[in-house]
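A.B. asks: Give me a model of this one.
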Amino acid sequence: MSEFKPKFVKPSDTSSYLDKNEAVGLETTSFIYNRYISQSVQTQRQRLPIFNSRNHILYALEKYQTLVLVGETGCGKSTQIPQYMIEAEWPGQIGICEPRRVAAISLANRVADETGTLVQGDMVGYAVRFDACTNKPKIKFMTEGILLREVMSDPLLKSYSAIMLDEVHERTVYTDLLMGLMKRILKKRSELRLIVASATLDAEMLHKFFNSNPTGDKKKDTAVIMSVEGRQYPVDIHYVAEPIPCYIQASVDTVLNINSSKEPGDILVFLTGQEEVDKAVRLLNEHAILIEESRKKEKLHVLPMYGALPYHEQLKVFRPAPLGHRKVVVATNIAETSVTIPGIVHVIDCGFVKLKWFNNDTHTDSLIVVPVSKSSADQRAGRAGREKPGKVYRYS
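C.D. replies: As a prediction, the model looks like this:
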């Protein structure tokens, strides 16, 4: 009789047991490149640009109810501010609201690693649809829909001492609803603190919205603006000389041109939806097979990334490409904010995004393709300059 060997799977391997892939347990341990890995976690945290503003942030949260934080891409605002508050012995729970579930889960895993605890434990947890923590962790990452449901059950959010609304520049319906609700809650709970953060937002407009000071005396303001510089490397932006008939085919051609030029670095391609991502991945995989058959050195490792993709499939984009391959990630705007994919140097931006639109004639919702906003274009470009100087190719 063979000896029984138990197999343990980390909670972060999959978002739910319903979409669990049995093959995940057979894979080897994945590693994410970190050039500061030889240093302690505390030293790595001190290297982040936001560390220099740590005391200023804590002072602002003590004095003001609302902190409007303009933090550049890569400064560390999403992971460090909750830890600073815990280190300052902030009472109650600290909730961080993210626009997408992949951002909430990945940030929770990162903070758990930095604090030396397990995800979904007493220190760090996350709550997304179909996968939520059962206890009350001190630092809780969640999506906008989850926080809205908590407001419905607990209108004053009594279990929280601070709420952080991250990436508010996207201005979704949930974001606007939460900002309106939080303004009312702040009037009822003077001890509650609100942090509104993004790399590209209209800080003055939000300051006027949350500032409940009726007088002209600035000493009585309830909101304050703070700016934090990022660790952004220079990024060169290139535009097309003439309009292109099909940005999907143009994106594939640009990937092949970058790959044949032998410029180092992985590639991130932004398209509008799952159908376009699957089409681009299929075309790139066909070229990748031809490259391998011709035994060329410039091999491609193509990966899709969109919201409907299972979480364990989304995690593949954070792993390094096989030896001798260049990683190409074809994604929707899910990879636009709060997500850092290691190794990305080149970003290809189609210049469009798919948004929900209400038709007054038919009284139905539909998805339409519209030009991307300036703030979203800046966010996409920010994916290229995280680890080294990068390049961005825009089609509009």
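
A.B. asks: Run through the stretch 1-150 of the chain and note the low-pLDDT ranges.
C.D. replies: Along the stretch 1-150 of the chain, segments meeting pLDDT under 70 span 1-39.

A.B. asks: so where do the strands sit in it?
C.D. replies: Read by DSSP state E, counting those that start in this stretch, the stretch 1-150 of the chain holds these strands, from start to end of the chain: 66-71, 93-98, 124-128, 131-132, 139-143.

A.B. asks: any chance of the ones you listed in CSV, with distance to Ile50 and mean neighbour count too?
C.D. replies: C-beta coordinates here come from the backbone N, C-alpha and C atoms, glycine included. Shown next, in CSV, are those (distance: least, C-beta to C-beta, whole Å; neighbours: other C-beta atoms under 10 Å):
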stretch, distance to Ile50, mean neighbour count
strand 66-71, 7, 24
strand 93-98, 14, 24
strand 124-128, 18, 26
strand 131-132, 28, 16
strand 139-143, 16, 26
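
A.B. asks: Format those strands as CSV; extra columns: distance to Gly273.
C.D. replies: Shown next, in CSV, are those (distance: least, C-beta to C-beta, whole Å):
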stretch, distance to Gly273
strand 66-71, 29
strand 93-98, 21
strand 124-128, 21
strand 131-132, 24
strand 139-143, 20
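
A.B. asks: Between these, which one is closest to Lys187.
C.D. replies: strand 66-71 (11.5 Å; C-beta to C-beta).

A.B. asks: which one of the strands of the stretch 1-150 of the chain lies closest to Pro310?
C.D. replies: Closest approach to Pro310 among the strands of the stretch 1-150 of the chain (C-beta to C-beta): strand 131-132, 11.6 Å.

A.B. asks: what pairs with the residue lying closest to Asn211 once chain neighbours are set aside across the strands?
C.D. replies: Closest residue to Asn211 apart from its sequence neighbours, by C-beta to C-beta, 6 or more residues apart in numbering: Ala223 at 4.1 Å. Taking DSSP bridges, one obtains Thr66 as the residues bridged to Ala223.

A.B. asks: give the contact list for Ala223.
C.D. replies: Contacts for Ala223 (C-beta atoms under 8 Å, 6 or more residues apart in numbering) come out as 64-68, 206-207, 210-212.

A.B. asks: mind giving me the domain split of the protein?
C.D. replies: As assigned by automatic domain parsing, the chain contains the domains 41-228, 235-394.

A.B. asks: centre of the chain versus the shortest one, how much separation?
C.D. replies: Spelled out, it's domain 235-394. Distance of domain 235-394 from its chain centroid, counting by C-alpha atoms, centre = their mean, to the nearest Å, is 15 Å.

A.B. asks: tell me the mean pLDDT for it?
C.D. replies: The average pLDDT within domain 235-394 is 88.

A.B. asks: got the end-to-end distance for that domain?
C.D. replies: The separation between the terminal residues of domain 235-394, taken as C-alpha to C-alpha, to the nearest Å, is 13 Å.

A.B. asks: again, but for the longest one
C.D. replies: When the termini of domain 41-228 are compared using C-alpha to C-alpha, they are 21 Å apart.

A.B. asks: Would you mind finding the longest helix in the chain?
C.D. replies: helix 274-293 (DSSP state H).

A.B. asks: May I have the next helix or strand after that one as PDB, with CA atoms only?
C.D. replies: The C-terminal neighbour of helix 274-293 among helices and strands, as given by DSSP states H and E, is strand 299-305. This file holds the C-alpha atoms of strand 299-305, laid out as PDB (Å, rounded to 0.1, in the frame of the first residue of the first chain):
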ATOM      1  CA  LYS A 299      10.400  33.400 -29.400                       C
ATOM      2  CA  LEU A 300       7.100  34.700 -28.000                       C
ATOM      3  CA  HIS A 301       5.200  33.700 -24.900                       C
ATOM      4  CA  VAL A 302       1.700  35.200 -25.400                       C
ATOM      5  CA  LEU A 303      -0.800  35.500 -22.600                       C
ATOM      6  CA  PRO A 304      -4.300  37.000 -22.400                       C
ATOM      7  CA  MET A 305      -5.800  39.100 -19.600                       C
END
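
A.B. asks: contacts for strand 299-305?
C.D. replies: Residues contacting strand 299-305 (C-beta under 8 Å, 6+ apart): 255, 259, 277-278, 281, 284-285, 287-288, 291-292, 313-314, 316-317, 321-322, 324-332, 334-335.

A.B. asks: Now, of the residues you listed, which are buried?
C.D. replies: Buried members of the contacts of strand 299-305, scored by 16 or more other C-beta atoms under 10 Å, are 255, 259, 277, 281, 284, 287-288, 291, 313-314, 316-317, 321, 325-332, 334-335.

A.B. asks: Now, those that are in helices?
C.D. replies: Residues of the buried ones among the contacts of strand 299-305 located in helices (DSSP H): 255, 259, 277, 281, 284, 287-288, 291, 313-314.

A.B. asks: and the end-to-end length of stretch 331-351?
C.D. replies: Stretch 331-351 has an end-to-end distance of 13 Å (criterion: C-alpha to C-alpha).

A.B. asks: Same check on stretch 161-177?
C.D. replies: End to end - C-alpha to C-alpha - stretch 161-177 spans 20 Å.
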